[in-house]
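**Student:** Just the structure for this:
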Amino acid sequence: MRRLWPIIGLAAGMGLTSALADEIWVSNEKDDTISVIDIDTLEVVRTIDVGERPRGITFAIDHSVLYLCASDSDTVQVIDPETGKILHELPSGEDPEQFVLHPDNRHLYIANEDDAITTVVDTETKRVVAQIDVGIEPEGMAVSPDGEIAITTSETTNMAHWIDTSTQELFANTIVDQRPRHAEFTLDGSELWVSSEIGGTITVFDRESQQEKAKIEFEIQGIHPDRVQPVGFEMTRDGKHVFVALGPSNHVAVVDPKTYEVTDYILVGRRVWHMAFNGDESLLFTTNGLSGDVTVIDVAELAPIKSIKVGRFPWGAAFRPTN
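**Tutor:** Down below sits the predicted model:
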């Protein structure tokens, strides 16, 4: 599979296809920019200036606009992906870090790290509709596929906070290991996974009972356990793999979501943080903060195929189809 990339790149370069290539958008925390990667050529084709300390990044469900947490600007910026221009800003509360878009394609749930709250913003009216008290230093955000539950993880309180989206109120708090970072529901919505950076684990919860089902630990030969720090992770739609960024260990773990066993480790760039798939999930793009690059992983081969230089301290990544 890897030997096809030069041929594909040549075909695109010769104009044998008129279709625009799909893209990966990467937020660069220290440069206040977004790098746009062409998935056909695996090269950066655009650099876009944005607000201060961009981190959380996601597209609207129809990919018509991009939402970006400009953390040190205390705002969420709404960007036209065609022109790269900032269309307007949304109220976000202090120091927005991560957010999640509700399946209604209208409401953003935003973690405000400095204020210990989750802010809910209506993207159509551009107004705050709720502010929910959560634990200290909220970071991770998730929403169930049916939109009924939102999750905030708090780094210092070491909890996942369960929010009823119909009332915008907490209905449960569950303990996780030290410094939870990222949260995701499984595709069927039956489980919630939460990574704990300092705890070095992922905790799996049953959605209905909010009880712990499993705990996944990581061990890489030759690397001190203190450097194995789970942060972002991505699940494949076919249910075969969960890819986990392990921070300063410079590896991505591959987990079987049925057995909760680690099946492989993939060497990537320095301080791997978050990830995004391309459209058919044949490629996975990892943001490597300290090396200032993105590693491209061949999902079928479970192997890196290229490193792409981007801005300083790449943080988040999001896929954009152009066709």
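
**Student:** center of this structure, which residue is that?
**Tutor:** His274 (5.1 Å; C-alpha atoms, centre = their mean).

**Student:** I figured it hits Pro230, correct?
**Tutor:** No: under the criterion of C-beta atoms under 8 Å, His274 makes no contact with Pro230, lying 11.7 Å away. For glycine as for every other residue, the C-beta is placed from the backbone atoms N, C-alpha and C.

**Student:** Now the common contact residues for the two.
**Tutor:** Residues touching both His274 and Pro230 (C-beta atoms under 8 Å, 6 or more residues apart in numbering) are 182, 245.

**Student:** Give me the helix or strand of this protein that scores worst on average pLDDT.
**Tutor:** Here the helix or strand of the chain ranked lowest by mean pLDDT, DSSP states H and E is helix 5-13, holding a mean of 38.

**Student:** helix or strand right after that one?
**Tutor:** For helix 5-13, the following helix or strand on the C-terminal side (DSSP states H and E) is strand 23-28.

**Student:** Please work out which residues outside that following strand touch it.
**Tutor:** By C-beta under 8 Å, 6+ apart, the surrounding residues in contact with strand 23-28 are 34-39, 45, 50, 54-57, 59, 66, 68, 81, 276, 278, 285, 287, 294, 310-320, 322.

**Student:** These in strands, which ones?
**Tutor:** 34-38, 45, 54-57, 59, 66, 68, 276, 285, 287, 294, 314-320 (DSSP state E).

**Student:** What's opposite Glu89 in the beta bridge?
**Tutor:** Beta bridges link Glu89 to Gln77, judged by DSSP bridges.

**Student:** Tell me, how many residues neighbour it?
**Tutor:** Residues lying near Glu89 (other C-beta atoms under 10 Å) number 16.

**Student:** go on, Asp114?
**Tutor:** As a burial measure, Asp114 scores 15 neighbours (other C-beta under 10 Å).

**Student:** Just give the nearest non-adjacent residue to the residue nearest to the centre of the chain, would you?
**Tutor:** Take His274 and drop its neighbours on the chain: the residue closest to it by C-beta to C-beta, 6 or more residues apart in numbering is Gly232, 3.6 Å away.

**Student:** ok, now Ile24?
**Tutor:** Residue nearest to Ile24 in three dimensions, not counting chain neighbours: Ile37, with 4.3 Å by C-beta to C-beta, 6+ apart.

**Student:** Could you measure from the one you found over to Val268?
**Tutor:** Shown here: Ile37 relative to Val268, a distance of 15 Å by C-beta to C-beta, to the nearest Å.

**Student:** can you pull up the bridge partners for the closest residue to Pro257 other than its chain neighbours?
**Tutor:** In space, and not counting its chain neighbours, Pro257 is closest to Val242: 5.1 Å by C-beta to C-beta, 6+ apart. Using DSSP bridges, the beta-bridge partners of Val242 come out as Met235, Val255.

**Student:** give the contact list for Val242.
**Tutor:** Contact partners of Val242, counting by C-beta under 8 Å, 6+ apart, are 193, 233-236, 254-257.

**Student:** element containing the closest residue to Pro138 other than its chain neighbours?
**Tutor:** In space, and not counting its chain neighbours, Pro138 is closest to Ala111: 4.1 Å by C-beta to C-beta, 6+ apart. Assigned by DSSP H and E, Ala111 belongs to strand 107-112.

**Student:** and the direction of the helix or strand following that strand versus that of strand 107-112, what angle?
**Tutor:** Where DSSP H and E defines the elements, the next helix or strand beyond strand 107-112 is strand 117-122. For strand 117-122 against strand 107-112, the angle by axes from the mean of the first three to the mean of the last three C-alpha atoms, to 10 degrees is 150 degrees.

**Student:** can you offset everything so residue one is 54?
**Tutor:** Taking 54 as the first residue, the last one we looked at is strand 170-175.

**Student:** Show me what the helix or strand that strand 170-175 is followed by is in contact with.
**Tutor:** The first helix or strand that comes after strand 170-175 along the chain, using DSSP H and E, is strand 180-186. Applying C-beta under 8 Å, 6+ apart, the external contacts of strand 180-186 come out as 144, 146, 160, 169-175, 205, 214, 216, 221-223.
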